[in-house]
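Q: sequence and computational prediction follow.
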Amino acid sequence: MDNPQQIIHTTETIITDIIGHYGWMFIAAFAVLLFKDVVANVLAGMTFMFGHDFDPDDIVYIGGEKKARIIRQTPTKTVFHLIDTDRKLIVPNTALYNLRIEKVLPGSEEGKTIKGEKK
């Protein structure tokens, strides 16, 4: 039977060979897991921002009930001003498509209100 010193040396050699040949895979997998959410959020934000379905200062209804104005759109988040409660709602862009957002049409009576003014 091998002595403990040889076993330790053999184990170190095997681990070094594995990390040497496949270490880049471990690093790449770690980076993908780390940045997966960030990349998904930025892509969703870019889609929302450049689609022009919704623009800053548009009046929308969130969930069909909460009247809001889009204040700001960034690559990672969208900021709404909830008009009825005078509060700010910050939504990550990955969650925007899970919300039911309805836009007030420009020619409608509701679309003619001044910023934040209640009817």
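A: It's in. Numbers count the residues shown, from 1 in each chain.
Q: C-alpha from now on. contacts and neighbour counts both.
A: Noted.
Q: spatially central residue in this protein, please.
A: residue 41 (2.6 Å; C-alpha atoms, centre = their mean).
Q: distance from the host helix or strand of it to the middle of the chain?
A: Using DSSP states H and E, residue 41 falls within helix 4-50. On the basis of C-alpha atoms, centre = their mean, to the nearest Å, helix 4-50 sits 22 Å off its chain's mean C-alpha point.
Q: which elements pack onto that helix?
A: Other elements packing on helix 4-50 under the criterion 3 or more C-alpha pairs under 8 Å, 6 or more residues apart in numbering; DSSP states H and E are strand 77-82, helix 93-96.
Q: for those, give me CSV that also has mean neighbour count, mean pLDDT and distance to residue 4.
A: Below are the helices and strands packed on helix 4-50 laid out as CSV (neighbours: other C-alpha atoms under 10 Å; pLDDT from 0 to 100; distance: least, C-alpha to C-alpha, whole Å):
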stretch, mean neighbour count, mean pLDDT, distance to residue 4
strand 77-82, 21, 93, 57
helix 93-96, 18, 82, 54
